[in-house]
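[1] Provided below are the primary sequence and the corresponding predicted coordinates.
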Amino acid sequence: MDTTLPRPVRTLLVLLVVVLLAVSIVLGAALVSGRSPGSWWAQATGHVVVEHHADAADVPDGERPDWLPADADEITVVRPGRAAGGATGTRLDARVPQGTAVPASCAASRRPALPWDGGGDWPDFTAAETLTCDGWHLVARPHHWYAWS
């Protein structure tokens, strides 16, 4: 009795193994990086560009507000990538020293625009006080600022 599988069945099984291996690699990379698979995939496919900077001086002009404190550090910038379609704007979060005053140009926003979804682990800002500062929106926490344009 011949127990060899027909060629189309073998081909299908090989493709299935390759797909399962690829999915495992993507999920494993997401787990190792500490990010959700969705945000990892968005960056891997060019929908977002994520940059990490040690301090405010490392962030290129145009990707940060002018009022970002010079002593801000651990800065992450997320902006639309080449495959993002019509998405615009920049998201930035930065650690700031406790007690850092918000810029004088900021005013309270009644209904601010929410940041576009670039993935990541931003807190839920549904009930947060949001400020508008020179074209940027800002949620200021004691040790962390979240801003988007």
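    All right, it came through fine.
[2] where does residue 79 sit relative to residue 50, distance-wise?
    Separation of residue 79 from residue 50 (Cβ to Cβ, to the nearest Å) stands at 8 Å. In short, each C-beta sits where N, CA and C put it, glycine included.
[3] is it true that residue 69 touches residue 98?
    No: if you go by Cβ atoms under 8 Å, residue 69 and residue 98 don't touch, sitting 11.9 Å apart.
[4] Which one's more surrounded, those two?
    residue 69 (16 against 8; other Cβ atoms under 10 Å).
[5] For residue 74, which non-adjacent residue is spatially closest?
    Distances taken as Cβ to Cβ, 6 or more residues apart in numbering place residue 95 nearest to residue 74, at 4.3 Å, with adjacent residues excluded.
[6] neighbours around that neighbour, how many?
    Neighbours of residue 95 (other Cβ under 10 Å): 16.
[7] Can you pull out the low-pLDDT segments for the protein?
    1-2, 26-47, 83-84, 111-121 (pLDDT under 70).
[8] Could you chop it up by domain?
    In terms of domains, the chain is parsed into 1-34, 46-148 (source: automatic domain parsing).
[9] For those domains, state which one has the densest average packing.
    Highest mean neighbour count among the domains of the chain (mean count of other Cβ atoms under 10 Å): domain 46-148, with a mean of 15.
[10] quick one on the thing from earlier: residues in contact with the residue nearest to residue 74?
    Applying Cβ atoms under 8 Å, 6 or more residues apart in numbering, we find residue 95 in contact with 72, 73, 74, 75, 143, 144.
[11] With that, I have no additional questions.
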